[in-house]
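Asker: Below are the sequence and a predicted model for it; my questions follow.
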Amino acid sequence: MSILEVKNITKLYNGKNGVRNISFTIEKQGVYGFLGPNGAGKSTTMNIMTGCLAATEGTVTINEFDIYQDPVYAKMLIGYLPEQPPLYMERTPREYLNFVAEAKGIVRQERKAHVEEVMKRVGITDVADRLIKYLSKGYKQRVGIAQAIVGDPDIIILDEPTVGLDPAQILEIRQLIRDLGKDHTVILSSHILQEVNAVCDKLIIISKGRLVAIDTPENLEARFAGDNRINMVVGASEKECEEILSGISAVVNPRITPIESDDKKANKVRISLGYTSKSDDTVSPDHINTCDDVIADIFFAFAEKRKVIYELTNTKAGLEEIFLELTGVPEESDNKEAVNNEAINKEETKEAE
């Protein structure tokens, strides 16, 4: 069941299009990544979704409440962290969050306990009584996230929530976002593609003010499987490999090259092939071939003919390649964020091991 519907949103600036005829729906629960190059219209779309900016045309409904016709009820369902957190520097986090809780209509009797729970959840309890202006960039960002989740809104929209955080803090915030996605709908805007891939269930990609894709990372990878290659070394002749591969419908453009050897009996070839994600399955025509599906078909086809596969590797079109293909623009990131992200990925790999 959808909780947010964006329908035919257009925003004009001085007669020029900021965003053009964007439509999509978002389901209850889960984490959605909102991607697009600089100037694509991400912030404009998010500001329209939250009611901070009026659209020239189109509608936004939150749980069937129109953001313009029923703004009070619709906005009660949204928590929003803009790129620049709306903080009151002369207040402490505790004072500020109590103010936010009061503004969101949380009754006095429940306010204190709720604020304490929110501060604990985002890890700012130890700085709860220090003035916000004296907090580090990372803690200020956490306070910003805290104000977004005060009131336990159904939809939480986070614009660049990990900017300025160190690798350990980013890991904590990523885990927090994953946890929030179990009970809430989280929309995450980030230009760090590895971050989006690590936490998001579905991706919304816009370019030049238009929606270009909305799908899961897995389905997007499958759609771009034509850019993927499977590489093999097989103990068989060229003709034998051609015959075996011709029986696998997903295989496209196989290139078979004999491997020279002093041993004339040692028949080995090197194979590089592409594959299509489109299925010819008449029973399940909507089935999408993944790389693993194709590799399995290849393995069993060669095994049936008792031909040895000595090597088998694949190169996949990753999120960066998909983003570039859809938008024509590489996602930007500065050196500091790239270094942080490399450290995070290493740490996540270490934890998985």
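Answerer: In hand now; what should we look at?
Asker: List the buried residues in the helix or strand hosting residue 118.
Answerer: Here residue 118 sits within helix 108-122, counting by DSSP states H and E. Buried residues in helix 108-122, counting neighbours by 16 or more other C-beta atoms under 10 Å, are found at 111, 114-115, 118-119, 121-122. No exception for glycine: its C-beta is placed from N, CA and C like everyone else's.
Asker: ok, now which ones touch the closest residue to residue 166 other than its chain neighbours?
Answerer: Excluding the flanking residues, the one nearest residue 166 by C-beta to C-beta, 6 or more residues apart in numbering is residue 138, at 6.4 Å. The contact partners of residue 138, by C-beta atoms under 8 Å, 6 or more residues apart in numbering, come to 164-166, 169.
Asker: what ranges do the strands span in the chain?
Answerer: Under the criterion DSSP state E, strands of the chain are mapped to 2-13, 16-27, 30-35, 57-62, 65-66, 78-81, 155-159, 185-189, 202-207, 210-215, 229-235, 251-258, 269-275, 308-315.
Asker: of those strands, which approaches residue 106 most closely?
Answerer: For the strands of the chain, the distance to residue 106 is smallest for strand 78-81, at 12.7 Å, taking C-beta to C-beta.
Asker: by contact count, what packs against the closest one?
Answerer: helix 137-149, strand 155-159 (3 or more C-beta pairs under 8 Å, 6 or more residues apart in numbering; DSSP states H and E).
Asker: quick one on the thing from earlier: and the helix holding residue 118 with helix 137-149, angle?
Answerer: Taking axes from the mean of the first three to the mean of the last three C-alpha atoms, to 10 degrees, helix 108-122 and helix 137-149 form an angle of 140 degrees between their directions.
Asker: Centre of the chain to helix 108-122, how far?
Answerer: 29 Å (C-alpha atoms, centre = their mean, to the nearest Å).
Asker: Could you number the chain from 694 rather than 1 from now on?
Answerer: In the new count, where the first residue is 694, that last one comes out as helix 801-815.
Asker: contact partners of that helix?
Answerer: 786-787, 790-791, 794-795, 799, 818, 821, 835-836, 838-839, 842-843, 869.
Asker: make it 7 Å
Answerer: 786-787, 790-791, 794-795, 799, 818, 821, 835, 838-839, 842-843, 869 (C-beta atoms under 7 Å, 6 or more residues apart in numbering).
Asker: who wins for neighbours among those?
Answerer: residue 786 (28 neighbours; other C-beta atoms under 10 Å).
Asker: Name all residues that make contact with that residue.
Answerer: Residue 786 neighbours (C-beta under 7 Å, 6+ apart): 812, 817, 820-821, 825, 836.
Asker: give me that answer again for 6 Å
Answerer: 817, 821, 836 (C-beta atoms under 6 Å, 6 or more residues apart in numbering).
Asker: Name the nearest residue to the second one, ignoring sequence neighbours.
Answerer: Excluding its sequence neighbours, the residue lying closest to residue 821 (C-beta to C-beta, 6+ apart) is residue 787, at 4.4 Å.
Asker: What segments of the stretch 894-1043 of the chain are helices?
Answerer: 910-916, 931-939, 984-997, 1012-1020, 1028-1045 (DSSP state H, counting those that start in this stretch).
Asker: any idea which of those scores lowest on pLDDT?
Answerer: When the helices of the stretch 894-1043 of the chain are ranked by mean pLDDT, helix 1028-1045 comes last with a mean of 47.
Asker: thinking again about what came up before, from the contacts of residue 831, which is closest to residue 945?
Answerer: After measuring the contacts of residue 831 against residue 945 - C-beta to C-beta - the closest member comes out as residue 858, at 43.4 Å.
Asker: Give the burial count for residue 1004, as a bare number.
Answerer: 11.
Asker: Wait, it touches residue 926, no?
Answerer: Yes. Using C-beta atoms under 6 Å as the test, residue 1004 is close enough to residue 926 to be in contact (4.0 Å).
Asker: My guess is the residue nearest to residue 821 contacts residue 823. True?
Answerer: No. If you go by C-beta under 6 Å, residue 787 and residue 823 don't touch, sitting 9.5 Å apart.
Asker: Now do the shared contacts for the two.
Answerer: If you check residue 787 and residue 823 against C-beta under 6 Å, 6+ apart, no residue is contacted by both.
Asker: on that earlier part again, compare the helices and strands packed on strand 771-774 and give me the one nearest residue 718.
Answerer: Taking the helices and strands packed on strand 771-774 one by one with C-beta to C-beta, strand 848-852 is closest: 12.4 Å.
Asker: List the buried residues in stretch 755-770.
Answerer: 755-756, 758, 760, 767-770.
Asker: Just the C-alpha atoms of that stretch, please, in PDB.
Answerer: C-alpha atoms of stretch 755-770 as PDB (Å, rounded to 0.1, in the frame of the first residue of the first chain):
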ATOM      1  CA  ILE A 755       0.700  11.700   2.200                       C
ATOM      2  CA  ASN A 756      -1.500   8.800   3.300                       C
ATOM      3  CA  GLU A 757      -4.300  10.300   1.200                       C
ATOM      4  CA  PHE A 758      -3.900  13.800   2.700                       C
ATOM      5  CA  ASP A 759      -3.100  16.500   0.100                       C
ATOM      6  CA  ILE A 760       0.100  18.400   1.100                       C
ATOM      7  CA  TYR A 761      -1.500  21.700  -0.100                       C
ATOM      8  CA  GLN A 762      -5.200  21.100   0.700                       C
ATOM      9  CA  ASP A 763      -4.600  19.400   4.100                       C
ATOM     10  CA  PRO A 764      -1.100  20.600   5.100                       C
ATOM     11  CA  VAL A 765      -1.600  20.300   8.800                       C
ATOM     12  CA  TYR A 766      -2.500  16.600   8.700                       C
ATOM     13  CA  ALA A 767      -0.100  15.800   5.800                       C
ATOM     14  CA  LYS A 768       2.900  17.400   7.500                       C
ATOM     15  CA  MET A 769       2.200  15.600  10.800                       C
ATOM     16  CA  LEU A 770       3.200  12.400   8.900                       C
END
